[in-house]
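# my questions are about this predicted structure, shown below with the sequence.
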Amino acid sequence: MSHAAPSPNKRSLLRSVAKGVIVAFLGSVCVYILLLLTLGPVQTGPHTASRRTQCKNNLKQLALALHNYHDEYGCFPPAYVADKHGRPMHSWRVLLLPFLEFKPVYERYRFDEPWDGPHNRELASLQMNLFRCPADEGPGANTSYLVVVGPKTVFPGTKTVKISEINGGTSNTILLVEVVNSGIKWTEPRDLSDVEAIRGINPKSGFGISSHHEGGAQITFVDGSVRFFLDDTPPDHLQSFLDRDADKLEPRLPAN
(Lines give C-alpha, C1' and ligand atoms only; values in the text may rest on other atoms or scores of the structure.)
Protein backbone atom coordinates (compact mmCIF):
# COMPACT_ATOMS: atom_id res chain seq x y z
CA MET A 1 0.00 0.00 0.00
CA SER A 2 1.49 3.35 -1.01
CA HIS A 3 1.43 6.43 1.18
CA ALA A 4 1.11 9.95 -0.04
CA ALA A 5 4.09 12.21 0.70
CA PRO A 6 3.46 15.00 3.26
CA SER A 7 2.52 18.32 1.77
CA PRO A 8 5.05 21.20 1.88
CA ASN A 9 3.04 22.87 4.65
CA LYS A 10 3.08 19.71 6.77
CA ARG A 11 6.81 19.24 6.21
CA SER A 12 7.42 22.80 7.32
CA LEU A 13 5.28 22.27 10.42
CA LEU A 14 7.13 19.06 11.32
CA ARG A 15 10.50 20.80 10.93
CA SER A 16 9.33 23.64 13.18
CA VAL A 17 8.15 21.22 15.87
CA ALA A 18 11.40 19.25 15.69
CA LYS A 19 13.46 22.44 16.00
CA GLY A 20 11.37 23.52 18.96
CA VAL A 21 11.94 20.20 20.74
CA ILE A 22 15.69 20.33 20.10
CA VAL A 23 15.97 23.94 21.30
CA ALA A 24 13.98 23.16 24.45
CA PHE A 25 16.14 20.10 25.16
CA LEU A 26 19.40 21.99 24.68
CA GLY A 27 18.08 24.80 26.86
CA SER A 28 17.29 22.36 29.66
CA VAL A 29 20.78 20.84 29.41
CA CYS A 30 22.39 24.29 29.60
CA VAL A 31 20.34 25.22 32.66
CA TYR A 32 21.27 21.93 34.38
CA ILE A 33 24.98 22.44 33.64
CA LEU A 34 24.79 26.01 34.93
CA LEU A 35 23.17 24.81 38.17
CA LEU A 36 25.87 22.18 38.66
CA LEU A 37 28.60 24.75 38.14
CA THR A 38 26.92 27.21 40.49
CA LEU A 39 25.64 24.95 43.28
CA GLY A 40 27.76 21.84 42.97
CA PRO A 41 26.37 18.28 43.05
CA VAL A 42 22.91 18.09 44.55
CA GLN A 43 22.42 15.41 47.21
CA THR A 44 19.15 13.57 47.01
CA GLY A 45 17.01 13.35 50.11
CA PRO A 46 16.92 9.54 50.54
CA HIS A 47 20.68 9.20 49.97
CA THR A 48 21.46 11.96 52.46
CA ALA A 49 19.10 10.42 55.02
CA SER A 50 20.66 6.97 54.61
CA ARG A 51 24.16 8.34 55.25
CA ARG A 52 22.95 10.09 58.40
CA THR A 53 21.32 6.83 59.54
CA GLN A 54 24.54 4.87 58.91
CA CYS A 55 26.50 7.51 60.81
CA LYS A 56 24.09 7.17 63.73
CA ASN A 57 24.51 3.38 63.67
CA ASN A 58 28.31 3.78 63.73
CA LEU A 59 28.07 5.99 66.81
CA LYS A 60 25.76 3.50 68.53
CA GLN A 61 28.18 0.64 67.85
CA LEU A 62 31.08 2.65 69.25
CA ALA A 63 29.04 3.52 72.35
CA LEU A 64 28.18 -0.17 72.85
CA ALA A 65 31.86 -1.11 72.54
CA LEU A 66 32.79 1.56 75.10
CA HIS A 67 30.24 0.06 77.50
CA ASN A 68 31.62 -3.43 76.88
CA TYR A 69 35.10 -2.08 77.66
CA HIS A 70 33.64 -0.57 80.85
CA ASP A 71 32.12 -3.95 81.79
CA GLU A 72 35.54 -5.58 81.31
CA TYR A 73 37.75 -3.03 83.08
CA GLY A 74 35.35 -1.15 85.36
CA CYS A 75 35.84 2.18 83.58
CA PHE A 76 35.86 3.80 80.16
CA PRO A 77 39.23 3.79 78.36
CA PRO A 78 41.47 6.82 78.69
CA ALA A 79 41.42 9.27 75.80
CA TYR A 80 45.02 8.20 75.18
CA VAL A 81 47.86 6.21 76.70
CA ALA A 82 50.95 8.31 77.31
CA ASP A 83 54.63 7.48 77.70
CA LYS A 84 56.61 8.34 80.85
CA HIS A 85 57.07 11.87 79.58
CA GLY A 86 53.34 12.42 79.12
CA ARG A 87 53.48 12.24 75.34
CA PRO A 88 50.32 10.66 73.82
CA MET A 89 51.20 7.26 72.36
CA HIS A 90 48.00 5.26 71.74
CA SER A 91 44.37 6.20 71.13
CA TRP A 92 41.20 4.96 72.81
CA ARG A 93 40.12 3.81 69.34
CA VAL A 94 42.94 1.26 69.33
CA LEU A 95 42.05 0.08 72.84
CA LEU A 96 38.48 -0.46 71.66
CA LEU A 97 39.36 -2.77 68.74
CA PRO A 98 38.82 -6.09 70.59
CA PHE A 99 35.30 -4.95 71.48
CA LEU A 100 34.51 -4.12 67.85
CA GLU A 101 35.38 -7.53 66.38
CA PHE A 102 38.67 -6.12 65.12
CA LYS A 103 40.86 -8.27 67.35
CA PRO A 104 43.15 -9.33 64.45
CA VAL A 105 43.97 -5.66 63.82
CA TYR A 106 44.49 -5.13 67.56
CA GLU A 107 46.90 -8.06 67.72
CA ARG A 108 48.97 -6.56 64.91
CA TYR A 109 49.28 -3.25 66.77
CA ARG A 110 52.51 -2.77 68.73
CA PHE A 111 52.30 -0.94 72.04
CA ASP A 112 56.09 -0.82 72.34
CA GLU A 113 56.22 1.91 69.70
CA PRO A 114 54.11 5.06 69.18
CA TRP A 115 51.03 5.10 66.95
CA ASP A 116 53.09 6.54 64.09
CA GLY A 117 56.07 4.21 64.56
CA PRO A 118 57.39 2.23 61.58
CA HIS A 119 55.10 -0.77 62.20
CA ASN A 120 51.97 0.99 63.48
CA ARG A 121 52.11 3.52 60.66
CA GLU A 122 50.96 0.78 58.28
CA LEU A 123 47.87 0.10 60.41
CA ALA A 124 47.14 3.84 60.56
CA SER A 125 46.64 3.79 56.80
CA LEU A 126 43.83 1.21 56.98
CA GLN A 127 40.35 2.46 56.13
CA MET A 128 38.13 1.61 59.11
CA ASN A 129 34.59 2.45 58.02
CA LEU A 130 33.17 2.12 61.53
CA PHE A 131 35.28 5.10 62.61
CA ARG A 132 34.13 7.18 59.67
CA CYS A 133 30.87 8.91 58.73
CA PRO A 134 29.85 7.89 55.18
CA ALA A 135 29.18 11.56 54.40
CA ASP A 136 32.74 12.56 55.34
CA GLU A 137 34.84 13.58 52.36
CA GLY A 138 38.25 13.32 54.03
CA PRO A 139 40.82 10.55 53.51
CA GLY A 140 39.51 7.06 54.23
CA ALA A 141 41.95 6.35 57.08
CA ASN A 142 40.80 9.42 59.01
CA THR A 143 38.19 9.24 61.75
CA SER A 144 34.96 11.23 62.01
CA TYR A 145 34.27 10.32 65.64
CA LEU A 146 36.13 11.88 68.53
CA VAL A 147 35.88 12.08 72.29
CA VAL A 148 36.07 15.47 73.99
CA VAL A 149 39.13 15.79 76.22
CA GLY A 150 38.99 18.01 79.28
CA PRO A 151 39.22 17.84 83.08
CA LYS A 152 35.42 17.76 83.50
CA THR A 153 34.51 15.53 80.54
CA VAL A 154 34.19 11.74 80.42
CA PHE A 155 37.70 11.63 78.92
CA PRO A 156 40.14 13.68 81.02
CA GLY A 157 43.30 12.70 79.15
CA THR A 158 45.15 9.69 80.60
CA LYS A 159 42.76 9.38 83.54
CA THR A 160 39.79 7.04 83.36
CA VAL A 161 36.19 7.64 84.42
CA LYS A 162 33.61 5.22 85.80
CA ILE A 163 29.89 5.49 85.07
CA SER A 164 29.33 5.86 88.82
CA GLU A 165 31.41 9.05 88.66
CA ILE A 166 29.13 10.70 86.09
CA ASN A 167 26.91 12.67 88.44
CA GLY A 168 25.29 14.67 85.66
CA GLY A 169 23.41 11.61 84.41
CA THR A 170 24.24 9.16 81.63
CA SER A 171 21.44 10.45 79.37
CA ASN A 172 22.69 14.03 79.75
CA THR A 173 26.46 13.69 79.40
CA ILE A 174 28.32 13.60 76.09
CA LEU A 175 30.34 10.50 75.22
CA LEU A 176 31.25 10.96 71.54
CA VAL A 177 30.96 13.72 68.96
CA GLU A 178 31.12 13.95 65.20
CA VAL A 179 33.82 16.04 63.49
CA VAL A 180 33.88 16.35 59.72
CA ASN A 181 37.22 16.28 57.86
CA SER A 182 39.06 15.92 61.17
CA GLY A 183 42.45 15.24 59.64
CA ILE A 184 43.01 12.70 62.43
CA LYS A 185 44.08 9.14 61.65
CA TRP A 186 41.93 6.57 63.42
CA THR A 187 44.97 5.33 65.40
CA GLU A 188 46.17 8.83 66.26
CA PRO A 189 45.92 9.73 69.97
CA ARG A 190 44.31 13.10 69.27
CA ASP A 191 40.72 14.21 69.76
CA LEU A 192 38.64 17.34 70.33
CA SER A 193 39.40 19.60 73.29
CA ASP A 194 36.62 20.94 75.50
CA VAL A 195 37.51 24.47 74.35
CA GLU A 196 37.10 23.47 70.70
CA ALA A 197 33.86 21.60 71.39
CA ILE A 198 32.05 24.62 72.82
CA ARG A 199 32.62 26.72 69.70
CA GLY A 200 29.21 25.51 68.59
CA ILE A 201 27.84 23.09 66.02
CA ASN A 202 29.43 23.52 62.58
CA PRO A 203 31.43 26.61 63.67
CA LYS A 204 32.22 29.07 60.90
CA SER A 205 35.90 28.94 61.75
CA GLY A 206 38.16 26.60 63.66
CA PHE A 207 37.96 22.96 64.66
CA GLY A 208 34.74 21.82 66.35
CA ILE A 209 31.71 19.55 66.43
CA SER A 210 30.60 19.36 62.79
CA SER A 211 29.20 17.22 60.00
CA HIS A 212 28.01 17.13 56.40
CA HIS A 213 24.47 16.43 57.64
CA GLU A 214 22.31 19.41 56.84
CA GLY A 215 21.51 21.66 59.80
CA GLY A 216 23.60 20.12 62.57
CA ALA A 217 25.69 17.22 63.81
CA GLN A 218 25.18 14.00 65.76
CA ILE A 219 26.29 13.56 69.36
CA THR A 220 26.33 10.36 71.42
CA PHE A 221 25.54 10.33 75.14
CA VAL A 222 26.84 7.99 77.83
CA ASP A 223 23.59 6.00 77.84
CA GLY A 224 24.21 5.16 74.15
CA SER A 225 21.55 7.47 72.71
CA VAL A 226 22.41 9.57 69.67
CA ARG A 227 20.86 13.01 69.25
CA PHE A 228 21.05 15.51 66.41
CA PHE A 229 22.15 18.94 67.66
CA LEU A 230 21.17 21.93 65.54
CA ASP A 231 23.61 24.54 64.26
CA ASP A 232 22.20 27.21 66.56
CA THR A 233 22.78 25.23 69.79
CA PRO A 234 24.22 27.76 72.30
CA PRO A 235 27.79 27.07 73.47
CA ASP A 236 26.74 27.10 77.14
CA HIS A 237 24.35 24.22 76.44
CA LEU A 238 27.19 22.21 74.92
CA GLN A 239 29.40 23.03 77.88
CA SER A 240 26.80 21.78 80.35
CA PHE A 241 26.40 18.49 78.47
CA LEU A 242 30.17 17.98 78.43
CA ASP A 243 30.53 18.45 82.19
CA ARG A 244 30.05 15.03 83.81
CA ASP A 245 28.96 16.70 87.07
CA ALA A 246 26.90 19.67 85.88
CA ASP A 247 23.18 20.28 85.87
CA LYS A 248 22.11 20.24 82.23
CA LEU A 249 20.61 22.90 80.02
CA GLU A 250 18.10 21.65 77.47
CA PRO A 251 19.23 22.27 73.87
CA ARG A 252 16.84 22.83 70.98
CA LEU A 253 16.57 19.45 69.24
CA PRO A 254 14.66 18.48 66.10
CA ALA A 255 12.13 15.66 66.21
CA ASN A 256 13.73 12.29 65.35
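Yep, that arrived.
# mind showing which ranges of this structure have poor pLDDT?
Within the chain, the segments meeting pLDDT under 70 span 1-47, 248-256.
# what are the ranges of the strands in it?
Remark: strands assigned in the chain by DSSP state E are 80-82, 88-91, 145-146, 148-149, 174-178, 192-193, 216-221, 226-230.
# report the angle between the fifth one and strand 226-230.
Direction vectors for strand 174-178 and strand 226-230, defined by axes from the mean of the first three to the mean of the last three CA atoms, to 10 degrees, enclose an angle of 60 degrees.
# shouldn't G224 be in contact with N57?
No: at 11.8 Å, G224 does not count as touching N57 under the criterion of CB atoms under 8 Å. Backbone N, C-alpha and C define where each C-beta goes, glycine included.
# neighbour-wise, which of those two wins?
Neighbours were counted for G224 and for N57 using other CB atoms under 10 Å; G224 has more, 17 against 12.
# how close does that one sit to T187?
In this view, G224 and T187 are 24 Å apart by CB to CB, to the nearest Å.
# likewise for G216?
In this view, G216 and T187 are 28 Å apart by CB to CB.
# can you report how many residues lie near the closest residue to T48 other than its chain neighbours?
Spatial nearest neighbour of T48, excluding adjacent residues (CB to CB, 6 or more residues apart in numbering): E214 at 6.9 Å. Here the number of neighbours of E214 (other CB under 10 Å) works out to 13.
# mind checking how far E214 is from I198?
22 Å.
# now swap in P118 and tell me
In terms of CB to CB, P118 sits 38 Å off from I198.
# and for G86?
Counting by CB to CB, the gap from G86 to I198 is 25 Å.
# so which of those two has more stuff around it?
Neighbours per residue (other CB under 10 Å) separate G86 from I198, with I198 holding more: 21 against 9.
# in this structure that one contacts L242, no?
Yes: look at I198 against L242 with CB under 8 Å: they come within range, at 7.2 Å.
# excluding chain neighbours, what is closest to H90?
V81 (4.2 Å).
# give me the nearest residue to K103, chain neighbours excluded.
In space, and not counting its chain neighbours, K103 is closest to L97: 6.6 Å by CB to CB, 6+ apart.
# test my guess that the one you found contacts L123.
No: L97 is beyond contact range of L123, at 9.8 Å (criterion: CB under 8 Å).
# who touches both of those two?
105, 109 (CB atoms under 8 Å, 6 or more residues apart in numbering).
# and the gap between the residue nearest to K103 and S91?
10 Å.
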